[in-house]
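Asker: Here is a sequence together with a model predicted from it:
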Amino acid sequence: MNEAKPASRAFDQYAADGVLVLGGAAAILLQLGDPVIARGVAAHSSFATDPMRRMRTTLSYLYAVSLGTARQRERMAGLVDRAHLGVPGSTEPDHQLWVAATLYRVGVDVHELVRGPLPAGLGDEIYTAFERVGTALQLPPGAWPADRAVFEGYWTDAIAALEVTEPARAVARDLLRPRGIPWWARPAMPLVRTVTTGLLPDQVREAYGLAWHPRRFRAAIRLVRVLAAVAPRRIRELPARMLLARIPAH
């Protein structure tokens, strides 16, 4: 894995911005559009009883790869590798690439909806960083699309090829209307469902049977913009700090 870490302050601020957490459920639903991933998650995950677990693991992994020390990156990569043992298709490059692609694309979409367009230089830096996200998932070197223009072609083809199966819809129900969610997170779920639905491409949203309310989505994004603008930096970056603190740095 490439150990070089992007040095710009703008990248660190992007990677640590808690607003990106809002895209987590949409990224997972897109991943589940790959039937192989959906079968693996349905058979080996526990969204119904612990819906926060996959989200915490994914966020910890992203923070470790983007912001952590070499030791933290190694530990989280090892954890993900162990979690994938025995899961059919989990180590195949096509599926690994799709997981990394959804995390990259949804994160950028959320940022631009809430914060505005990315400067070209920062956009390139974020894109390059996500090659490391993929290689930490055992994606072979060179498998990540060469640049953002190539990625757009890959993304368009991948979205067209998605197939939302019943296992995917079952996991989606547990994810969007979880039974085991902590009490303090419950008030946020209507907002999460609205934002998640709006982040999905039309055909994916329809395949999941999710109701689409454009006005509600726009209102939700306006609310998030206001909250993101007034929240102190220490609050915006709290998820990153908390999760990284749980991973030994040395």
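Answerer: Perfect, I can see it now.
Asker: Check which helix or strand Arg54 maps to.
Answerer: Using DSSP states H and E, Arg54 falls within helix 52-67.
Asker: Now do the buried residues in that helix.
Answerer: For helix 52-67, the neighbour count (16 or more other CB atoms under 10 Å) marks 54-55, 58-67 as buried. All C-beta atoms are positioned from the backbone trio N, CA, C, and that covers glycine.
Asker: would you turn those residues into TSV with pLDDT and distance to Gly89?
Answerer: What follows is the buried residues of helix 52-67, written out as TSV (pLDDT from 0 to 100; distance: CB to CB, whole Å):
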residue	pLDDT	distance to Gly89
Arg54	71	17
Met55	78	21
Thr58	84	18
Leu59	90	23
Ser60	92	23
Tyr61	90	19
Leu62	92	21
Tyr63	94	26
Ala64	93	24
Val65	91	22
Ser66	91	25
Leu67	93	29
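Asker: ok, which pair from those is furthest apart?
Answerer: Across the buried residues of helix 52-67, the two members that end up farthest from each other (CB to CB) are Arg54 and Leu67, 19.9 Å apart.
Asker: okay, now Trp200: neighbour count?
Answerer: Check again: residue 200 is Leu, not Trp. 21 (other CB atoms under 10 Å).
Asker: And for Arg179?
Answerer: Around Arg179 there are 9 other residues, counting by other CB under 10 Å.
Asker: can you pull the pLDDT of it?
Answerer: Model confidence at Arg179, expressed as pLDDT, equals 78.
Asker: and what of Glu163?
Answerer: Glu163 is given a pLDDT of 97.
Asker: again with Ala48
Answerer: 53.
Asker: Out of the buried residues of helix 52-67, which is nearest to Thr196?
Answerer: Lowest distance from Thr196 to the buried residues of helix 52-67 (CB to CB) belongs to Met55, with 12.0 Å.
Asker: Thought Leu22 was touching the closest one, still the case?
Answerer: No: using CB atoms under 8 Å as the test, Met55 is too far from Leu22 to be in contact (11.2 Å).
Asker: Next up, the contacts around the residue nearest in space to the middle of the chain.
Answerer: Nearest residue to the geometric centre of the chain (CA atoms, centre = their mean): Leu103, 3.6 Å. Neighbouring residues of Leu103 by CB atoms under 8 Å, 6 or more residues apart in numbering: 27, 58, 62, 130, 133.
Asker: now do 7 Å
Answerer: For Leu103, the contacting residues are 27, 62, 133, by CB atoms under 7 Å, 6 or more residues apart in numbering.
Asker: Pro167 and Thr196: what is the separation?
Answerer: 18 Å (CB to CB, to the nearest Å).
Asker: Kindly apply the preceding question to Met52 instead.
Answerer: 15 Å.
Asker: got it, and Thr156?
Answerer: According to CB to CB, Thr156 and Thr196 sit 21 Å apart.
Asker: what about the closest residue to Phe217 other than its chain neighbours, helix or strand, and which?
Answerer: With CB to CB, 6 or more residues apart in numbering as the criterion, Phe217 has its nearest non-adjacent residue at 3.6 Å, and that residue is Gly198. Following DSSP H and E, the helix or strand that holds Gly198 is helix 189-199.
Asker: So what touches the very next helix or strand once past that helix?
Answerer: Downstream of helix 189-199, the first helix or strand assigned by DSSP H and E is helix 202-208. With contacts defined as CB under 7 Å, 6+ apart, helix 202-208 is touched by 29-30, 33, 162, 164, 169, 172, 197, 212.
Asker: Show me the shaky parts of this structure.
Answerer: 1-7, 45-51, 86 (pLDDT under 70).
Asker: for it, what's the longest helix?
Answerer: Using DSSP state H to define each element, the chain has its longest helix at helix 93-115.
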